[in-house]
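Peer 1: got a sequence here, can you model it:
(2 chains)
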Number of protein chains: 2
Amino acid sequence: MSKVHNFSAGPGILPIEVLKQSAESCINFDNLNLSLLEISHRSKSYDAVMDEARFLIKELFGVGDEYEVLYLGGGASMQFAMVPYNLLTENGYAAYVNTGVWSTKAIKESKIIGNTKVIASSEDKKFSYIPKGFEVPKDADYLHITSNNTIYGTQYKEFPKSDIPLVCDMSSDIFSRTVNAQDFALIYAGAQKNIGPAGSTMVMIKKDILGKTGRKMLSMLDYQIHIKGGSMYNTPPVFPVYVTLLTLRWLKQHGGVSWIEKINQQKADLLYNEIDKNSLFVGTAAKEDRSNMNACFLLSKPELEAEFDKLAKEARIDGIKGHRDVGGYRASMYNALPLESVQLLVDVMKAFEAKYA
Amino acid sequence: MSKVHNFSAGPGILPIEVLKQSAESCINFDNLNLSLLEISHRSKSYDAVMDEARFLIKELFGVGDEYEVLYLGGGASMQFAMVPYNLLTENGYAAYVNTGVWSTKAIKESKIIGNTKVIASSEDKKFSYIPKGFEVPKDADYLHITSNNTIYGTQYKEFPKSDIPLVCDMSSDIFSRTVNAQDFALIYAGAQKNIGPAGSTMVMIKKDILGKTGRKMLSMLDYQIHIKGGSMYNTPPVFPVYVTLLTLRWLKQHGGVSWIEKINQQKADLLYNEIDKNSLFVGTAAKEDRSNMNACFLLSKPELEAEFDKLAKEARIDGIKGHRDVGGYRASMYNALPLESVQLLVDVMKAFEAKYA
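Peer 2: Here you go, the predicted model:
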């Protein structure tokens, strides 16, 4: 039976080897004759999972012991709150760049906690571009950005230079391309796009930015408590972290971030070239800011929607419907999506043009 | 190959059918030719999972539409904070009963949020009993109790009568016995003992207790926001919720809570009878408060520990080491543990006595 071509915006496609090993672990994990779903997270076997899953993040980012890695429940949305809760001082302020729905939500939570300034925004053009040339204040507690915007299909190609701690929500493009991780003080990512399934969020923190707010903190919202507990202050999301480990191993074994970066560029070039050439499609994001993860496009003749959907469905292409806020189409090309799937989508777009243009 | 007898205190044993279906879902979920780990939580197939998982909680508890059910990340430890954050008013106070490590942690978080009174405690005798006969204040915002205490092996046999909202951490004995759920205003439970794997926490809330604090709340800590989002305000812990659904279906299909309650009583009677009869073992909890989920016991001759551990290991008995805070042994007998496993443990205890007494 042919595989479905999974362009889902997230939770997104995972490598088939990862899925197979995940299934095996549900029956017999680490030759214990027990399922991973029913063993103690304090067991030796699981300790090793958590250690390796934390270590591989640092290895793939190329950072040292000044950083700590956590896997937390609650999704990236919980980090929208935890970041200001841990970093925003009572008399200070946080600086945010607003590049879409996720940035907006992060800003909302920060405002509940303390002073928050939006120093740049692309809201004026429906978030179709990445703001550039803005000045990063030197007196803010931190600058928060969203590296890739799934809904609008935009992505920072260069990150702002920042003298203050740079915090980045990398949920939708982590490990899709090489970045200079040392430039970031805190990187977080809901696992369910490029590094695993839903249910755990990776947070990598430069330790020296913590402990400065003087705020009396709820334990579960306190990064330092989670760090002290080795990311197991309480029962972690056991299975999601294991599947994340498998995904990170897959990436490392195949050649790491620089390997996947090349493939991701090929996939993006292939699709965007077709969008630009094909008379029946229009890309929605500013060309220089186009996301290599999420390509957003519209039909130039919206009345042909049912026809295009039919062709895509026949080709077993799944998950290309655009976000409900923007409509149209969105093809998400996360790390595990093969080039062949993109080629197939392009073939369908060509066939569609040949028939209806 | 014979199955390991899994007495783990949590994450704990799950039914074998549930494990098999979980494994299948990692490869092909709902005949989509996609893994459950890589599909959108907004898909029709997953919507149905979330709906049924929420509904079955209400059905098994026998409650109506005055309650809402959520599945949240972060574990029961996050609920230690969310309960006071959502229920404790600025000028009011919360009442807690302290029956062990988990109650103590819940109390600690409540104190960070507001006025908190411990109205009864069993700390004077190392939490080896359940306080009784205390008066529940009529002016507190709510009363918080912990129905079962995994570490000390105690369990409420009767719940306090309360005119104020009764909040209960049922993490370790939910659906192990029939309770009058209408007596509770809020019940929460980390899934990883009786209803699923680690990674999601069930919260059942009587809606009319919410919205009274006047507190400006962080979105992810606000029950009302999660209720409004149908427990999908943000990406939920997709796979853990599905495995929870499978476990709830298993319980319902076999006869529900009254069915498992009888089996759990048989298991507990079998083990406690042996602990009381066997000259080499001593139970640690007050007899009238003994937990049917976690039986805690010590060796009367601690020097024989290595010998008992060897016999247990040979019988493929796993997970009976006591919590590091109390030592000795702890046999956890969650819903999915077969009576045969308890019989085997009892047989080993008898053989141990015959050899060493």
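
Peer 1: quick one: what helix or strand has A:Leu56 in it?
Peer 2: helix A:44-61 (DSSP states H and E).

Peer 1: so which elements touch the helix or strand following that helix?
Peer 2: Sequence-wise, the next helix or strand downstream of helix A:44-61 (DSSP H and E) is strand A:67-72. In terms of contacts (3 or more CB pairs under 8 Å, 6 or more residues apart in numbering or on different chains; DSSP states H and E), strand A:67-72 is packed against helix A:44-61, helix A:75-87, strand A:201-206, helix A:223-228, helix A:238-254. Every residue, glycine included, has its C-beta placed from N, CA and C.

Peer 1: same thing but 6 Å
Peer 2: Under the contact criterion of 3 or more CB pairs under 6 Å, 6 or more residues apart in numbering or on different chains; DSSP states H and E, strand A:67-72 touches helix A:44-61, strand A:201-206.

Peer 1: if we can go back for a sec, can you tell if the helix holding A:Leu56 touches chain B?
Peer 2: No - using CB under 6 Å from any CB of the partner chain, we find that helix A:44-61 stays clear of chain B, coming within 9.1 Å at best.

Peer 1: what's the angle from that helix to strand A:67-72?
Peer 2: 130 degrees (axes from the mean of the first three to the mean of the last three CA atoms, to 10 degrees).

Peer 1: please state the offset of helix A:44-61 from the chain centre?
Peer 2: Relative to its chain's centre, helix A:44-61 lies at 19 Å (CA atoms, centre = their mean, to the nearest Å).

Peer 1: which positions in the stretch 201-350 of chain A make contact with chain B?
Peer 2: Taking CB under 6 Å from any CB as the contact definition, the stretch 201-350 of chain A meets chain B at A:Lys216, A:Leu218, A:Met220, A:Asn234, A:Thr235, A:Pro237, A:Val238, A:Phe239, A:Pro240.

Peer 1: show me the two of those that sit farthest apart.
Peer 2: A:Lys216 and A:Phe239 (33.3 Å; CB to CB).

Peer 1: those two: who's more crowded?
Peer 2: Remark: of A:Lys216 and A:Phe239, A:Phe239 carries more neighbours, 31 against 9, as counted by other CB atoms under 10 Å in any protein chain shown.

Peer 1: tell me the contacts of that one?
Peer 2: A:Leu36, B:Pro197 (CB atoms under 6 Å, 6 or more residues apart in numbering or on different chains).

Peer 1: cool, A:Val4 as well?
Peer 2: The contact partners of A:Val4, taken as CB under 6 Å, 6+ apart, are A:Arg316, A:Asp318, B:Asn33, B:Leu34.

Peer 1: where's the first one relative to A:Asn98, distance?
Peer 2: Yep, that's A:Arg316 we're talking about. The gap separating A:Arg316 from A:Asn98 is 37 Å, by CB to CB, to the nearest Å.

Peer 1: before we move on, back to that, need the residues of the stretch 201-350 of chain A next to chain B in TSV with pLDDT, can you?
Peer 2: Output for these, formatted as TSV (pLDDT from 0 to 100):
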residue	pLDDT
A:Lys216	95
A:Leu218	98
A:Met220	98
A:Asn234	97
A:Thr235	97
A:Pro237	98
A:Val238	98
A:Phe239	98
A:Pro240	98
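
Peer 1: could you tell me which of the residues you listed count as buried?
Peer 2: The neighbour count (16 or more other CB atoms under 10 Å in any protein chain shown) marks A:Leu218, A:Met220, A:Asn234, A:Thr235, A:Pro237, A:Val238, A:Phe239, A:Pro240 as buried among those.

Peer 1: still on that earlier bit, what residues sit buried inside the helix holding A:Leu56?
Peer 2: Neighbour-count burial for helix A:44-61, with 16+ other CB under 10 Å as criterion, is recorded at A:Tyr46, A:Val49, A:Met50, A:Ala53, A:Arg54, A:Leu56, A:Ile57, A:Lys58, A:Leu60, A:Phe61.

Peer 1: same deal with stretch A:179-194?
Peer 2: Neighbour-count burial for stretch A:179-194 flags A:179, A:181, A:184-194 (criterion: 16+ other CB under 10 Å).

Peer 1: model confidence score at A:Met349, please.
Peer 2: Note for A:Met349: predicted pLDDT of 98.

Peer 1: what's next to whichever strand or helix holds it, contact-wise?
Peer 2: Element membership for A:Met349, per DSSP H and E: helix A:339-356. Helix A:339-356 is contacted by residues A:5, A:266-267, A:270-271, A:274, A:278, A:280, A:304, A:308, A:311-312, A:315, A:317 when judged by CB under 6 Å, 6+ apart.

Peer 1: in strands, which of these fall?
Peer 2: The strands, defined by DSSP state E, take in A:His5, A:Ile317 from the contacts of helix A:339-356.

Peer 1: pick out the most distant pair among the contacts of helix A:339-356.
Peer 2: Comparing all pairs in the contacts of helix A:339-356 by CB to CB, the longest separation belongs to A:Gln266 and A:Leu304, at 28.1 Å.

Peer 1: still on that earlier bit, what's the helix holding A:Leu56 packed up against?
Peer 2: Counting contacts by 3+ CB pairs under 6 Å, 6+ apart, helix A:44-61 is packed against strand A:67-72, helix A:238-254.

Peer 1: mind doing that once more with 8 Å?
Peer 2: Contacts defined by 3+ CB pairs under 8 Å, 6+ apart place helix A:44-61 against strand A:67-72, strand A:201-206, helix A:238-254.

Peer 1: can you pull the buried residues of the last one?
Peer 2: Along helix A:238-254, the positions that meet the burial threshold by neighbour count (16+ other CB under 10 Å) are A:238-251.

Peer 1: from those residues, which is closest to A:Gly328?
Peer 2: Each of those was scored against A:Gly328 by CB to CB, and A:Thr247 proved nearest at 29.1 Å.

Peer 1: now the closest residue to chain B within chain A. Nearest residue, chain neighbours left out?
Peer 2: Of all residues in chain A, A:Gly73 sits closest to chain B, at 3.1 Å by CB to the nearest CB. In this structure, A:Gly73 finds its nearest non-sequential neighbour in B:Gly73, 3.1 Å apart by CB to CB, 6 or more residues apart in numbering or on different chains.

Peer 1: residues contacting that neighbour?
Peer 2: Going by CB atoms under 8 Å, 6 or more residues apart in numbering or on different chains, B:Gly73 touches A:Leu72, A:Gly73, A:Gly74, A:Gly75, A:Met78, A:Gly199, A:Pro237, B:Gly199, B:Ser200, B:Thr201, B:Pro236, B:Pro237.

Peer 1: name the nearest of the residues you listed relative to A:Gln155.
Peer 2: Here the nearest of those to A:Gln155, counting by CB to CB, is A:Gly75; it sits at 20.6 Å.

Peer 1: what separation is there between that closest one and A:Val118?
Peer 2: 23 Å.

Peer 1: report the buried residues of the helix ranked longest in chain A.
Peer 2: When chain A is parsed with DSSP state H, its longest helix is helix A:256-277. Buried residues in helix A:256-277, counted by 16+ other CB under 10 Å: A:Val257, A:Ile260, A:Glu261, A:Ile263, A:Asn264, A:Lys267, A:Ala268, A:Leu271, A:Tyr272, A:Glu274, A:Ile275.

Peer 1: coming back round to it: which of A:Gly75 and A:Val118 has more neighbours?
Peer 2: Legend: neighbour count by other CB under 10 Å for A:Gly75 and A:Val118, higher for A:Gly75 (25 against 17).

Peer 1: residues in contact with the more buried one?
Peer 2: For A:Gly75, the contact set (CB under 8 Å, 6+ apart) comprises A:Gly190, A:Ala198, A:Thr201, B:Gly73, B:Met220, B:Asn234, B:Thr235.

Peer 1: out of the residues you listed, list just those in strands.
Peer 2: Members of the contacts of A:Gly75 lying in strands (criterion: DSSP E): A:Gly190, A:Thr201.

Peer 1: part of a helix, is A:Ala94?
Peer 2: No - looking at A:Ala94 with DSSP: H, G, I helix; E, B strand; the rest coil, it is strand, so not inside a helix.

Peer 1: so it bridges to which residues?
Peer 2: Beta bridges link A:Ala94 to A:Thr116, A:Tyr142 when assigned by DSSP bridges.
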